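**Student:** whatever this is, show me its structure:
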Amino acid sequence: MRRKLSILVFLFGFGFCSWVLIGNINTIYLQSNGETWKNEVQSPKTKEPTYTEPEKSCEPITKIMFMKTHKTASTSVMNIIERYAVKHNLTIALPNGENADQFNYPNPFHERMVFPLLHGQDHYDVICHHMRFNSQQVNRILPRHVAKYVTIVREPGKMFESIFDYYYDLVDLFHNVPSSSRENLDIWLDDAPSRINRGGRGGFWFIGKNLEYHDLGFSNMNEDANYLKLAAERIEQEFDLVMISDHFMESLILLKDLMCWDLKDIVSLKLNSRKGKILEQPEQLRRKIRNWNKADAFLFDHFNATLWRKVEAFGHLRMAQEISELKRLNGEFFKECVNDTGVVESGSKLFNPNGRLDLKAYAPKNNVSQICELATMGTLQISAKLRDNYKKQKQLLD
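**Tutor:** Below is the predicted model:
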């Protein structure tokens, strides 16, 4: 009997304690929920602090030589530089040949390829159009000791696939396959070494192998290890910054820092790119492309490592903050300048072989600033405008 009574007392005590505990928990939950509700209704939202650029201890640099390479996002960088030049009334060295967007490419650059200075001008400030780099001749136009020299390279797998598609109609070397599809590129790479060695090169053949090395003035057929090492050392000596298009935002921040510019000076729109999403490249195809373009692969690996050393020195936290702010400024710039996005009309804004490619182009809003208008222009359009302005000024001064 006593044992049964003990059990009943225990069960009653346990039940009572459980009831009290559950009641307390429920009260705490309701209070907490009520406080949360009151906080959501009554407490003002905390505003994100705005980014403030640190004060500069340097003066903006207004002389820059940008060595524009092919299919490396170089058109976007060129546009940034040209807008800066126009805004600050700088003198751009312009091509005087048949094509307003290039210095008689693929011939090595020569000072005679540049329009002469106008009356009252005594120096050039900017070079940024396509050329095949020739250090000695470039120095005659824009001396190395007074200007910053910059170029840009890209991971060769993605770059060469883009080259193959973009220039397929132009390059005879590519025409042993029926189209520029990824599958045909894979087939083409299997036959490329024997085809190029047996003399089946044809027009613009150099585009089909180590194009970045060719643009920078080196032999695209020489893939000797010592030659590649010496070439990379020479590029390091001649250029203050080698940007990497695969890390475009980091590269732009380093460009801004090198030139002592402001973030608003490097806002941009993505120019001369294909519309739509590009599928991830298979690893086997990437290896094939790198093996075919050994020089460009060496160049990319070398300067990609160099870029990240510069990022380390710049500071990862500072870099992340400035990239975040630049993205915000780019969004505002787009809203300010762009009316609509559409397929480029053949020959109007961008080089579009046979009008076959679906390229991204922008239409400016009505009555926008000159800077907005320039930002929406492709290479052909902006180069033609700059040449026209030069000729009009020359007529007035003559």
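
**Student:** C-alpha coordinates for stretch 279-296, PDB please?
**Tutor:** As requested, C-alpha coordinates have been extracted for stretch 279-296 and formatted as PDB (Å, rounded to 0.1, in the frame of the first residue of the first chain):
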ATOM      1  CA  LEU A 279      28.000  26.500 -71.200                       C
ATOM      2  CA  GLU A 280      30.900  25.400 -69.000                       C
ATOM      3  CA  GLN A 281      33.800  24.100 -71.000                       C
ATOM      4  CA  PRO A 282      34.700  20.400 -70.700                       C
ATOM      5  CA  GLU A 283      38.000  19.800 -69.000                       C
ATOM      6  CA  GLN A 284      39.200  17.600 -71.900                       C
ATOM      7  CA  LEU A 285      38.600  20.400 -74.400                       C
ATOM      8  CA  ARG A 286      40.300  23.000 -72.100                       C
ATOM      9  CA  ARG A 287      43.400  20.700 -71.900                       C
ATOM     10  CA  LYS A 288      43.500  20.400 -75.700                       C
ATOM     11  CA  ILE A 289      43.300  24.100 -76.200                       C
ATOM     12  CA  ARG A 290      46.100  24.800 -73.700                       C
ATOM     13  CA  ASN A 291      48.300  22.200 -75.300                       C
ATOM     14  CA  TRP A 292      47.700  23.900 -78.700                       C
ATOM     15  CA  ASN A 293      48.300  27.300 -77.300                       C
ATOM     16  CA  LYS A 294      51.300  26.600 -75.000                       C
ATOM     17  CA  ALA A 295      52.600  30.200 -75.100                       C
ATOM     18  CA  ASP A 296      49.300  31.800 -74.200                       C
END
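
**Student:** contacts for that stretch next, please.
**Tutor:** 153, 156-161, 182, 185-186, 189-190, 192-193, 209-213, 218, 220, 222-223, 228, 231, 297 (CB atoms under 8 Å, 6 or more residues apart in numbering). Yep, even glycine has a C-beta here, placed from its N, CA and C like the rest.

**Student:** also stretch 191-199?
**Tutor:** Applying CB under 8 Å, 6+ apart, the external contacts of stretch 191-199 come out as 173, 176, 205, 208-209, 292.

**Student:** if we go to 7 Å?
**Tutor:** For stretch 191-199, contacts defined as CB atoms under 7 Å, 6 or more residues apart in numbering pick out 173, 176, 209, 292.

**Student:** buried members of those residues into PyMOL, please.
**Tutor:** Buried residues among the contacts of stretch 191-199 (16 or more other CB atoms under 10 Å), as a PyMOL selection:
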select buried, resi 173+209+292
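
**Student:** looking at the chain, which helix or strand is least sure?
**Tutor:** The least trusted helix or strand in the chain, going by mean pLDDT, DSSP states H and E, turns out to be helix 2-42, with a mean of 42.

**Student:** next secondary structure element downstream of that helix?
**Tutor:** strand 64-67 (DSSP states H and E).
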